[in-house]
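J.: For reference, the sequence and a predicted model appear below.
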Amino acid sequence: MRITVLLIAGAMAVSMTGVAAPQMAAADTTGNWDKLSTALVFGLAGGAELKTLSLHDNTGQIQFFKTMAVTLVVTEGLKAVVHERRPDGSSNDSFPSGHAALAFAAASYFDVRYGAENRTLVPIAYGAAALTALSRVEARKHFAGDVAAGALIGLAMGRTFTTAYTNLTVYPTGDGVGVNYTTRF
């Protein structure tokens, strides 16, 4: 099962990269960059969620939800207060980039939670998050400062709400504490 999960996660990461490269080459219009950035955010969040679900990691599930929810609340709150005009002039909610924030939050969550056992996937996740940020600038939806702020917010939330995955769980009971250790053979 563990090998299958790693293969699926790896395939998702490779497919994100495989989709990104041709899209970048063909991205003559801002619409292609916009679509690419949205696909990358969903791919990163989906990959992190898939890993969490495959391990039946309830603690990780809560941490993932907190990371993504607080990232979204912070970015939308700042957008409501700052009112920065987008480079394409479409609206006044450019700062900070929600796409960049969510992409870096998902990558940071995966890195902190599962990165010790998945070192080869961590650079791919951060690379996809960086490509998301670049795509937002190329799509003329954000300025460089908007995506930098979004990336910092996402990184901070991922590191704030996430702890490293362990097979050892300590939990309170009615009359003390319980300890649970799980492993797969």
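T.: Done, it's in.

J.: so Pro96 touches Ile153, yeah?
T.: Yes - judged on Cβ atoms under 8 Å, Pro96 makes contact with Ile153 at a distance of 6.0 Å. The C-beta positions use only the backbone N, C-alpha and C, and glycine is treated the same way.

J.: got any residues that touch both of the two?
T.: Thr75 (Cβ atoms under 8 Å, 6 or more residues apart in numbering).

J.: And the one helix or strand Arg159 maps to, how far out from the chain middle?
T.: Arg159 belongs to helix 144-161 when assigned by DSSP states H and E. For helix 144-161, the separation from the chain centroid amounts to 10 Å (computed by Cα atoms, centre = their mean, to the nearest Å).

J.: State the mean pLDDT of that helix.
T.: Here helix 144-161 scores 97 as its mean pLDDT.

J.: Which strands or helices does that helix pack on?
T.: Using 3 or more Cβ pairs under 8 Å, 6 or more residues apart in numbering; DSSP states H and E as the contact definition, the elements that helix 144-161 packs against are helix 58-82, helix 98-114, helix 122-138.

J.: Please identify the most buried of these.
T.: Comparing those by mean neighbour count (mean count of other Cβ atoms under 10 Å), helix 98-114 ranks first with a mean of 28.

J.: what's the angle between the helix holding Arg159 and helix 58-82?
T.: Helix 144-161 runs at 150 degrees relative to helix 58-82, counting by axes from the mean of the first three to the mean of the last three Cα atoms, to 10 degrees.

J.: what angle separates helix 144-161 from helix 122-138?
T.: Angle of helix 144-161 versus helix 122-138, following the same axes, to 10 degrees, is 150 degrees.

J.: State the helix or strand in which the nearest residue to Glu138 once chain neighbours are set aside lies.
T.: Using Cβ to Cβ, 6 or more residues apart in numbering and skipping residues adjacent in sequence, the residue nearest Glu138 is Trp33, 4.1 Å away. Following DSSP H and E, one finds Trp33 within helix 30-54.

J.: What helices and strands are in contact with that helix?
T.: helix 2-26, helix 58-82, helix 98-114, helix 122-138.
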